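**Student:** The sequence isn't on hand, but the structure is:
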């Protein structure tokens, strides 16, 4: 199946209004207003603990906000369960390679496929990640971390979702696997789906992003286009932490230098 055949008819607009969410007595997101335009690529940036993963969980329904509302494509989905949002085209790829490790690659892909579409779904997955085609009968737990992540990412292809939430897809992977992951994300971006990315590789995320939102302490510190973010003042403020974040300076932190140079 070609990329054109696979393309989504349209992405989904997401509107969060006055969202407050957290875990027990701990508030993570505070009165957050955010709009994600349909068929756009949005990068969510910020330091550890800023609320990025919590934001994605709230959008996908894994976490119920304590107040506020969420609309997708004009529909209020605030009280819908995760499986109901999946039925509306939401695909959440969380941090940590969410796959069934005791099953084979083939079985994992079949579980993600729409009923009656298993064979075609496997062909689609192999077309974007050829390495999976050589390991269809292999038990997932015996595969490398990079191969497991490819399998997890294939979920976003076989179900043809309209909204894809990707949390730290490149975390802990070898550079060549990171290249494959971002090539895949770029392919998704061109399919017409709405793509929301949380990733440590800021420069790589910016290559495909249309919009950028910076979170710190559960609040938005910057919202704008990727071009605006690339502007010297905003980007340098982000790196120095003067946007209200505890972000290491890329000029003095080797890990930050490596992440920002990876483009």
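**Tutor:** Received the coordinates, thanks. Everything numeric in this text was worked out from a predicted model, so none of it was measured.

**Student:** So which residues of the stretch 101-250 of the chain form strands?
**Tutor:** For the stretch 101-250 of the chain, the strands defined by DSSP state E, counting those that start in this stretch cover 163-167, 194-198, 211-216, 219-225.

**Student:** With mean neighbour count and distance to residue 185 as extra columns, can I get these in JSON lines?
**Tutor:** From N, CA and C alone the C-beta is placed, and that goes for glycine too. As requested, those are arranged in JSON lines below (neighbours: other Cβ atoms under 10 Å; distance: least, Cβ to Cβ, whole Å):
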{"stretch": "strand 163-167", "mean neighbour count": "26", "distance to residue 185": "7"}
{"stretch": "strand 194-198", "mean neighbour count": "27", "distance to residue 185": "7"}
{"stretch": "strand 211-216", "mean neighbour count": "23", "distance to residue 185": "15"}
{"stretch": "strand 219-225", "mean neighbour count": "16", "distance to residue 185": "18"}
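
**Student:** Can I get these in JSON lines including distance to residue 68 and mean pLDDT?
**Tutor:** Supplementary listing: those in JSON lines, determined by distance: least, Cβ to Cβ, whole Å; pLDDT from 0 to 100:
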{"stretch": "strand 163-167", "distance to residue 68": "18", "mean pLDDT": "94"}
{"stretch": "strand 194-198", "distance to residue 68": "17", "mean pLDDT": "95"}
{"stretch": "strand 211-216", "distance to residue 68": "15", "mean pLDDT": "93"}
{"stretch": "strand 219-225", "distance to residue 68": "13", "mean pLDDT": "92"}
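
**Student:** got a markdown table for the ones you listed, with distance to residue 179 too?
**Tutor:** Listed next are those as a markdown table, based on distance: least, Cβ to Cβ, whole Å:
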| stretch | distance to residue 179 |
| --- | --- |
| strand 163-167 | 16 |
| strand 194-198 | 15 |
| strand 211-216 | 22 |
| strand 219-225 | 25 |
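
**Student:** Can you say which of those strands is nearest to residue 151?
**Tutor:** strand 163-167 (14.2 Å; Cβ to Cβ).

**Student:** got the contact list for that closest one?
**Tutor:** Contacts of strand 163-167 with the rest of the structure, by Cβ atoms under 8 Å, 6 or more residues apart in numbering, involve 11-12, 14, 52-53, 56, 59-60, 72, 89-95, 153, 156, 185, 188, 193-199.
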